[in-house]
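Enquirer: I'll drop the sequence and a predicted model, then ask my questions.
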Amino acid sequence: MLPKYRVKNIDLSEGGMKSIYLAESRMPTLLGIRRRFEKEKPLRNITISACLHVTRETAVLARTLKAAGANIALCGSNPLSTQDDIAAALATEDIKVYAWRGNNNEYYDCIKQTLNYTPDILIDDGADLIVTAHKEESILRKVIGGQEETTTGVNRLRIMSCQGKLKIPVVAVNNAKVKMMFDNRYGTGQGVISAVKALNVLFAGKIVVIAGYGWCSKGMAMRAEGLGANVIVTEIDPVRALEALMDGYRVLPMIDAVKEADMIFTSTSCKDVVTREHFQKMKDGTILANLGHFNVEISVEELEKLAEKKDFINEYVNEYTLPNGKRLYLIGEGRLANLVTLGGHPSEIMDLSFSVQALAAEYLTLNKGQLENRVYEIPGEIDESVARVKLEMMGINIDALTKSQKAYVQNFDSGT
Ligand SMILES: NC(=O)c1ccc[n+]([C@@H]2O[C@H](COP(=O)([O-])OP(=O)(O)OC[C@H]3O[C@@H](n4cnc5c(N)ncnc54)[C@H](O)[C@@H]3O)[C@@H](O)[C@H]2O)c1
């Protein structure tokens, strides 16, 4: 008999429920889907194992999937991102939750607990759940497909697919336009204020280095600039570097950028973006934060080895003193700084991402047995319908093509 939940403190559930209701009030698109799901029950008899950041917005998704008829087992997708009151609240709602903040040692045990429920659908954020499920073929027996929330996860699953090792179809929820262009850009972009939450630092007049110029980093550069910082971008992709340059930022190799930096934010999906050689060249007081999925972008291991002293500043920050006397401030142990300090993306953003997740689960169920074992893009209709409802909920009207415009844009023959 499996324990129905493992959370830090079930008594936190009342406060957690209040947070969930507040999030729901800002997630009208997903609630609209929930109302339809309640009537149609598209996920009746479906068991979902999910590995997601256990935040209040994830709770809104879990309650929506449950309203659709699904049984849900949930674990955290990062040791530091679980909100303990939310995990407790979900446990009281008959969702099997195995998650608590600070779960460093039993991270994979919790993933395995959720897989013990012989799932039909795997909902993942970073691909740890799907990769683990592939280690025991019996787990995949009943699986219709998977859904991946983030860029790093999609990258990993694409590699599995290319190597012929992916044994289930997976929908790349991350790649939906209404996910990537908003969650990654505006959600993660707003994550630069993790430095304000952690250290109440002023951005105006500071030099902020942003590693990468993908969707997340573009948002971070834009928000740091908006707060008055001078932004330097580092890249490995010449097209993205050029884009950053023409967007008005300086572009430098990291080894040069670190010498000027007051703050450095990473979000590249790569490892060792900031390492020992960089730490040694930094100014006294430099703040370091990672917003990429895994805690390998800033080499915490090398920082720990290099530093002569490590001091706890507050629950979000550690101070490292180097042999050269310089002090560096690392936010959230190098893990997703926005989730560690701010509780993750705002509900309004997750309304979009999780509407796609909910519809992707319905899509997988409707297409059971018809999909190949590869990574699928989100169907365009899902993207469009989520955007349309979101606009409606915001009271924004847009134009529609007239009959003659439609005929014009569909006709190759009408040139000069
Ligand atoms: N913090 C969050 O809440 C959150 C939200 C969404 C995505 N993410 C994560 O953020 C990361 C970035 O996602 P994205 O959608 O922006 O990815 P992306 O692929 O659009 O962009 C990554 C960029 O980093 C560049 N890059 C790669 N290696 C580099 C290196 N060594 N130095 C400099 N630049 C390098 C790439 O060329 C690319 O332009 C991923 O790990 C993703 O999973 C985090």
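Expert: Looks like it arrived, so ask away. Since this is a predicted model, take the numbers as computed values, not measurements. Numbering: from 1, shown residues only.
Enquirer: Quick check: residues of the stretch 201-350 of the chain near the ligand?
Expert: 211-217, 234-237, 240, 267-270, 273, 291-293, 336, 338-339, 345 (Cβ under 6 Å from any ligand atom). All C-beta atoms are positioned from the backbone trio N, CA, C, and that covers glycine.
Enquirer: got any ranges where this structure has weak pLDDT?
Expert: Applying pLDDT under 70 to the chain flags residues 1.
Enquirer: Kindly recompute the last result at 80.
Expert: 1-2 (pLDDT under 80).
Enquirer: how about the strands in the stretch 301-416 of the chain?
Expert: 309-314, 317-321, 327-331, 375-377 (DSSP state E, counting those that start in this stretch).
Enquirer: Let me have those in TSV, extended by mean neighbour count.
Expert: Shown next, in TSV, are these (neighbours: other Cβ atoms under 10 Å):
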stretch	mean neighbour count
strand 309-314	11
strand 317-321	19
strand 327-331	22
strand 375-377	17
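Enquirer: will you turn these into CSV that also has distance to Asp262?
Expert: Formatted as CSV, those follow (distance: least, Cβ to Cβ, whole Å):
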stretch, distance to Asp262
strand 309-314, 17
strand 317-321, 15
strand 327-331, 11
strand 375-377, 39
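Enquirer: Need the residue closest to the centroid of this structure.
Expert: Nearest to the geometric centre of the chain sits Thr150, at 5.3 Å (Cα atoms, centre = their mean).
Enquirer: circling back to that earlier point, could I have the ChimeraX command that selects the buried members from the residues of the stretch 201-350 of the chain next to the ligand?
Expert: Selection of the buried residues among those in ChimeraX, burial being defined by 16 or more other Cβ atoms under 10 Å:
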select :211,212,213,214,215,216,217,234,235,240,267,268,269,270,273,291,292,293,336,338,339,345
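Enquirer: how is this structure carved up into domains?
Expert: 5-175+345-393, 188-335 (automatic domain parsing).
Enquirer: what's the burial count for Asn103?
Expert: 22 (other Cβ atoms under 10 Å).
Enquirer: Does it touch Cys110 like I think?
Expert: Yes - at 6.5 Å, Asn103 counts as touching Cys110 under the criterion of Cβ atoms under 8 Å.
Enquirer: Now the common contact residues for those two.
Expert: Gly76 (Cβ atoms under 8 Å, 6 or more residues apart in numbering).
Enquirer: And the longest helix anywhere in the chain, what does it pack against?
Expert: Within the chain, and with DSSP state H defining each element, the longest helix by residue count is helix 347-366. If you count contacts as 3 or more Cβ pairs under 8 Å, 6 or more residues apart in numbering; DSSP states H and E, helix 347-366 packs onto helix 13-25, helix 28-40, helix 56-67, strand 121-124, strand 145-148, strand 170-172, helix 177-179, helix 380-393.
Enquirer: Helix 380-393 and that one, what's the angle between them?
Expert: Angle of helix 347-366 versus helix 380-393, following axes from the mean of the first three to the mean of the last three Cα atoms, to 10 degrees, is 140 degrees.
Enquirer: re the thing from before, can I get the domains of the chain in TSV with distance to Ala400?
Expert: Formatted as TSV, the domains of the chain follow (distance: least, Cβ to Cβ, whole Å):
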stretch	distance to Ala400
domain 5-175+345-393	11
domain 188-335	28
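Enquirer: Work out the gap between stretch 15-23 and the centre of the chain.
Expert: 20 Å (Cα atoms, centre = their mean, to the nearest Å).
Enquirer: buried sites along it?
Expert: Gly16, Met17, Ser19, Ile20, Ala23.
Enquirer: how close does the second one get to Ala87?
Expert: Per Cβ to Cβ, to the nearest Å, Met17 is found 12 Å from Ala87.
Enquirer: again, but for the fourth one
Expert: Here the criterion is Cβ to Cβ. By it, Ile20 lies 11 Å from Ala87.
Enquirer: which residue ranges form the helices in the stretch 51-200 of the chain?
Expert: With DSSP state H, counting those that start in this stretch as the criterion, the stretch 51-200 of the chain has helices at 56-67, 84-91, 107-115, 128-133, 137-140, 151-162, 177-179, 188-190, 194-199.
Enquirer: just to revisit the earlier point, of the buried residues of stretch 15-23, closest to the ligand?
Expert: Ala23 (15.7 Å; Cβ to the nearest ligand atom).
Enquirer: How about the contacts made by the closest residue to the ligand within the chain?
Expert: The chain approaches the ligand most closely through Gly214 (1.7 Å), counting by Cβ to the nearest ligand atom. By Cβ under 8 Å, 6+ apart, Gly214 lies in contact with Thr151, Asn184, Arg240, Ser267, Thr268, Ser269.
Enquirer: so what's the backbone phi/psi at it?
Expert: phi -90, psi -160 (degrees, to the nearest 10).
Enquirer: Lys135 and Val7: what is the separation?
Expert: Going from Lys135 to Val7 by Cβ to Cβ gives 26 Å.
Enquirer: higher neighbour count, the two?
Expert: Neighbours were counted for Lys135 and for Val7 using other Cβ under 10 Å; Val7 has more, 25 against 10.
Enquirer: dump the residue contacts of that one.
Expert: By Cβ under 8 Å, 6+ apart, the neighbours of Val7 are Asp84, Ala87, Ala88, Ala91, Val97, Ala99, Trp100.
Enquirer: which parts of the stretch 1-150 of the chain sit against the ligand?
Expert: Counting by Cβ under 6 Å from any ligand atom, the stretch 1-150 of the chain sits next to the ligand at Thr150.
Enquirer: Swap in 8 Å and give it another go.
Expert: His53, Gly126, Thr150 (Cβ under 8 Å from any ligand atom).
Enquirer: wait, doesn't the last one sit right on His293?
Expert: Read it as Thr150. Yes - with contact defined as Cβ under 8 Å, Thr150 counts as touching His293 (5.5 Å).
Enquirer: Give the residues shared as contacts by the two.
Expert: Common neighbours of Thr150 and His293 (Cβ under 8 Å, 6+ apart) are Asp125, Gly126.
Enquirer: Counting neighbours, which bits of the longest helix of the chain end up buried?
Expert: 347-365.
Enquirer: Tell me how many other residues surround Met246.
Expert: 8.
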